[in-house]
Structures are given as C-alpha cells and as structure tokens.
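Colleague: Mind looking at a prediction? Sequence and model below.
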Amino acid sequence: MTRAEVAAAYDARAEEYVEKLGSLSQMAPQDRSTIATWRDATTGRLLDAGSGPGHWTDVLSDGGRREVLGVDGTPRFAASARQRFPHLHLAVADLAALPVATASVGGVLAWFSVIHTPPASVPATLSELARVLAPGGSLLLGFFDGEAGVPFEHTVLTAYHWSADALGVLLAEAGFVVERTASRQDPGARRQGELVARRASSGS
C-alpha cells in the first residue's frame, strides 16, 4: 500500500468521513482532554501531522495559538478544513516529506496519522517528524493498541496495530525519548494507545 493509495482512498470517502468523524463533538471527551492538555504544555509552533478534516488543528489553535500548521495528504480533507476553519494554515503533503523547516516546531500531533503506514515505512515517517521538531520538542502520537505490525480491516483501508513498546524502540532510533504512554478500551471501539515523546537534545 502506497501513500498515494491511502490519500486516494480517503479522498474518495472524504465527505462521508467529515460527516461522521469530522467534528470535535464526535470525538471522545478523553481524547479532547488529552490533546488540549498536551497543547497547553507545549511551547512554540505546533504541527498537526495528518490533520484530516482539521478539527484537531482547530483545537491546537485555541487559546490564541497562531503558529499552528495542519498537513495532510488528502486534498479533499484540506479543502473541507479550509472551508470550515478559514483561520487555519493548511498544506497538502506527504508526512514522510513535510513542507516544514528542520527543527522549526515545538510540538507535533500525530493522532492516528500513521495507522495505514506499512510497518516497514514507519521508521522513515518518525524520522521525518523528528527532523522538524526542535530539540526538546514534544510528539503526541495516537495509535491502535495491539500486536505490533498486525494488520486489520479498517473502514477505509487496511490499518496496523502497534504497541507502545514497539513504537518506543522505533522512536528511540529516530532520536526520541518516550515520556508517557497510556491505553484504553472504549465500548464498541478498538483498543487505542497514546504516547508522548520528546525530541532528544544534542548530547542527551
């Protein structure tokens, strides 16, 4: 599965996705709290990597945060986000080739953004997220918790489970230090995980 195939699959169902999962009110309260708390604890420019319909990018911009950028590979998601959230800065690009300068952001939100990335390609994406983060910058990553690399049939197209331990190994290789992990099982939903990792400072 290529990144172009993932973008095309979401593009074809963008309107349906936005209707069902494109608003903050449709998100779990715990997710809203997690992302808002991370935002408030993170300084500098923020990047929503895999911004989709833009609702989480909008959350990152709350409280007067002006230096927020959303990046997604699906053109119709970006078009919808621009219409619904005209104050946001958005770009269409591959998460493995972000249009962002090296070490220029203080925080990266990657909320279920790599679930369709084949396991062999995840290290390259994590390295790109590390590239754009300033030393000491923070990454908040959401994922489906399970046996690492095991695929499952997602509503749109094949996705992959990850574990915090397996992601921790890859993040360490990319220059991160994992600070916190958590997981939960909501009724009627797949088990999900989250982690916060810090971009290691030089020499740390």
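Modeller: Cool, got the structure.

Colleague: which residues are in contact with the lengthiest helix in the chain?
Modeller: Taking DSSP state H as the criterion, the chain has its longest helix at helix 29-41. Here helix 29-41 makes contact (CB atoms under 8 Å, 6 or more residues apart in numbering) with 24, 46, 56, 59-60, 62-63, 65, 107, 109, 111, 138, 140, 142, 184, 194, 196. The way it works is simple: take the backbone N, C-alpha and C, and place the C-beta from them, glycine included.

Colleague: in that helix, what counts as buried?
Modeller: 31, 34-35, 38-39 (16 or more other CB atoms under 10 Å).

Colleague: ditto for stretch 88-104
Modeller: For stretch 88-104, a neighbour-count test (16+ other CB under 10 Å) marks 88, 90, 92, 94-96, 98, 100, 104 as buried.

Colleague: Could you list the low-confidence segments of the protein?
Modeller: Applying pLDDT under 70 to the chain flags the ranges 1-4, 6-7, 11-14, 16-18, 20-24, 202-204.

Colleague: which stretches of it form strands?
Modeller: Under the criterion DSSP state E, strands of the chain are mapped to 46-49, 68-72, 89-92, 105-111, 133-144, 151-152, 159-160, 176-184, 192-199.

Colleague: I'd like to know which of those is closest to residue 119.
Modeller: Residue 119 sits nearest to strand 159-160 of all the strands of the chain, at 6.0 Å, using CB to CB.

Colleague: Paired strands for that closest one, with orientation please.
Modeller: Counting by DSSP bridges, the strands paired with strand 159-160 are strand 151-152 (antiparallel).

Colleague: Can you give the contact residues for the strand it pairs with?
Modeller: In this structure, residues lying in contact with strand 151-152 by CB under 8 Å, 6+ apart are 144, 146, 158-161, 190.

Colleague: Report the distance from it to the chain centre.
Modeller: Here the centre of mass of C-alpha atoms in strand 151-152, compared against the chain's by CA atoms, centre = their mean, to the nearest Å, lies 19 Å away.

Colleague: Just name the closest of the buried residues of stretch 88-104 to residue 80, please.
Modeller: Proximity of those to residue 80 (CB to CB) peaks at residue 90, which lies at 10.0 Å.

Colleague: ok, that closest one - contacts?
Modeller: So residue 90 contacts 51, 54, 57, 69-72, 78, 81-82 (CB under 8 Å, 6+ apart).

Colleague: Which of those sits closest to residue 173?
Modeller: Nearest to residue 173 out of those is residue 71 (CB to CB; 22.8 Å).
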